[in-house]
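1. Need a 3D model of the following:
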Amino acid sequence: MSERTPVAWSVSHWCDDPYSNGAWSVVLPGGSPADRIQIGQPIDDRFILAGEATHGTQAAMTHGAWETGVAAAKWAITDGARSVIVVGAGFAGLGAARTLHDAGLDVIVLEARERIGGRANTVDVGDVRADMGAAWLQQFPRNGLARRAEQLGLQLHRTTFDTPLTAAPDGPAGDIAAALERLRSLVDISDRRSLASILLPHVDALPSADRRTAQFAIDLDLILESGVRLEQMSAWAFIEPGVGADDHFLPNGYVDLLTDAAQGLDIRLGTAVKRISWNADGVTVDGQRADRCICTIPIAVLDSVKLQPGLPAEHTAALARLTTGRVEKVALRFSTRWWPVAPGGYLRWYDTPPAWGEWLDLTDGVGAPVVAGLIADAAIDRHHLGRTDDEIAHAAAAAFAQWADAARRTTP
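-> Predicted structure coming up:
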């Protein structure tokens with residue numbers, strides 16, 4: 001067997017998971033972070049939505065989800081609740097339940113899956129662990145989960161996202177950072193049009209070499225980072241914070257943080273909530289009564305739950321200005337580390353059309369030759385859907401080998 005053939009792998013399926021229907025939330029054209037804040041406002045003094053999509057400044061990140069859960073719990077406590085039902089055992093739900101439990105309230109957590117974590121899921125890839133959903137402790141200096149990881153003495157490993165080892169099949173990719181900055185300069189945050197309307201006329205008018213580099217920047221810095229096509233992307237794609245602020249990953253996986261957060265909580269797995277209703281007397285969740293309900297299920301599957309009397313018009317309008325990105329991941333374990341090594345662990349493959357464009361070399365952190373690749377939006381339709389996990393893993397490994405060969409040709 002070739003050293004380039006993976007000996008173990010794991011493949012994500014977030015886009016067809018009925019409890020996620022995608023990766024993370026994205027602001028649509030015409031929307032803004034104010035819509036995130038709106039959907040996190042309490043309803044009728046009984047019910048509240050929480051989760052990464054409701055965080056005004058730290059959306060699409062685990063610590064943002066955790067913070068919204070903690071804030072929702074504090075609302076329930078301040079509001080005089082004695083019993084609370086939390087729907088969902090991701091980081092938002094666990095943040096809420098942990099805070100409520102520690103304050104002495106009666107709290108139960110109802111989780112549809114047979115595991116905790118939501119869109120964070122640590123799996124075994126051969127003899128090592130890998131996170132197949134959320135993986136990094138982003139915005140590290142202000143990340144409360146990072147502080148907890150440090151308190152617990154969990155192993156942390158830094159990834160440097162600003163110095164990727166890049167390659168393209170037809171020569172150097174060009175100055176991607178400069179191309180992205182030129183695109184950014186065309187965008188006004190007050191412009192309610194899609195980025196396709198704003199950027200594509202400029203890109204189409206560029207000389208061929210500059211157009212190629214600009215398209216690479218769009219493919220990996222915008223589409224892969226959001227998981228949606230340019231037609232669905234607003235100017236906030238350039239503004240909302242993401243990777244790059246001293247980010248670290250947990251070589252043993254997010255599972256250690258999740259287990260710590262869940263300790264002592266009444267979590268009922270395999271319990272998919274179908275109906276939540278509320279009135280002046282309290283809340284009923286599939287026949288169970290409480291004073292308040294904190295619902296943390298992703299916005300992409302919110303309509304799978306019957307809410308009565310329903311969301312206010314302001315919440316419904318705000319939700320309509322958000323969507324969920326489509327991103328999938330593959331983790332590949334090899335017998336040897338045969339590829340070029342980037343000091344920061346970040347690799348980029350500028351294929352056309354885009355496929356597995358972003359790779360993270362986890363080897364130095366996990367102590368074994370492992371890489372994780374990401375694919376987004378239309379590339380998922382081309383390379384992921386309709387294939388078995390074995391087929392996906394081996395096709396991704398082939399793409400990774402193409403990157404390695406091209407990187408050796410273009411990088412001293």
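2. isn't A290 right next to S277, touching?
-> No - using Cβ atoms under 8 Å as the test, A290 is too far from S277 to be in contact (11.6 Å). Any C-beta I mention is one placed from the backbone N, CA and C, and that applies to glycine too.
3. and E150, what helix or strand is that in?
-> Using DSSP states H and E, the element containing E150 is helix 144-152.
4. rewinding a little: which residues do A290 and S277 both contact?
-> Common neighbours of A290 and S277 are listed as V283 (criterion: Cβ atoms under 8 Å, 6 or more residues apart in numbering).
5. Comparing those two, which shows the higher neighbour count?
-> Neighbours per residue (other Cβ atoms under 10 Å) separate A290 from S277, with A290 holding more: 23 against 17.
6. Please report how far that one lies from A97.
-> For A290, the distance to A97 equals 12 Å [Cβ to Cβ, to the nearest Å].
7. Show me what the helix or strand containing V371 pairs with in its sheet, parallel or antiparallel.
-> For V371, the host element (DSSP H and E) is strand 370-376. Strand 370-376 pairs in its sheet with strand 327-333 (antiparallel), strand 358-361 (antiparallel), by DSSP bridges.
8. what residues does it touch?
-> The contact list for strand 370-376, computed with Cβ under 8 Å, 6+ apart, reads 125, 128, 130, 135, 223-224, 226-227, 325-334, 339, 347, 354-363, 383-384, 396, 399-400.
9. And S194, how far from F238?
-> 13 Å.
10. more neighbours, the two?
-> Per other Cβ under 10 Å, whichever of S194 and F238 has more neighbours is S194, with 20 against 17.
11. In space, what's closest to that one - neighbours in sequence excluded?
-> P29 (4.3 Å; Cβ to Cβ, 6 or more residues apart in numbering).
12. Also H157?
-> According to Cβ to Cβ, 6+ apart, the nearest residue to H157 is G365 (3.4 Å).
13. burial measure for that neighbour, as a count.
-> Using other Cβ under 10 Å: G365 sits among 21 other residues.
14. now do T259
-> 14.
15. check which helix or strand covers it.
-> Element membership of T259, judged by DSSP H and E, is helix 255-262.
16. what's in contact with that helix?
-> Outside helix 255-262, the residues within contact range by Cβ under 8 Å, 6+ apart are 89, 91, 94-95, 98, 116-117, 120, 122, 129, 145, 148-149, 152, 154, 250.
17. Got a quick PyMOL command for the buried subset of the residues you listed?
-> Listed next is the PyMOL selection for buried residues among these, using 16 or more other Cβ atoms under 10 Å:
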select buried, resi 89+91+94+95+98+116+117+120+122+129+145+148+149+154+250
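18. What is the nearest of the contacts of helix 255-262 to A65?
-> The shortest approach to A65 among the contacts of helix 255-262 belongs to F91, at 4.3 Å (Cβ to Cβ).
19. Can you give me every residue that contacts the closest one?
-> Neighbours of F91 in contact, by Cβ under 8 Å, 6+ apart: T62, H63, A65, W66, G69, G117, G118, A120, A134, L145, L258, A261.
20. Could you grab the helix/strand/coil label for the fifth one?
-> I take that to be G69. Here G69 takes the helix state, with states given by DSSP: H, G, I helix; E, B strand; the rest coil.
21. Thanks a lot, see you next time.
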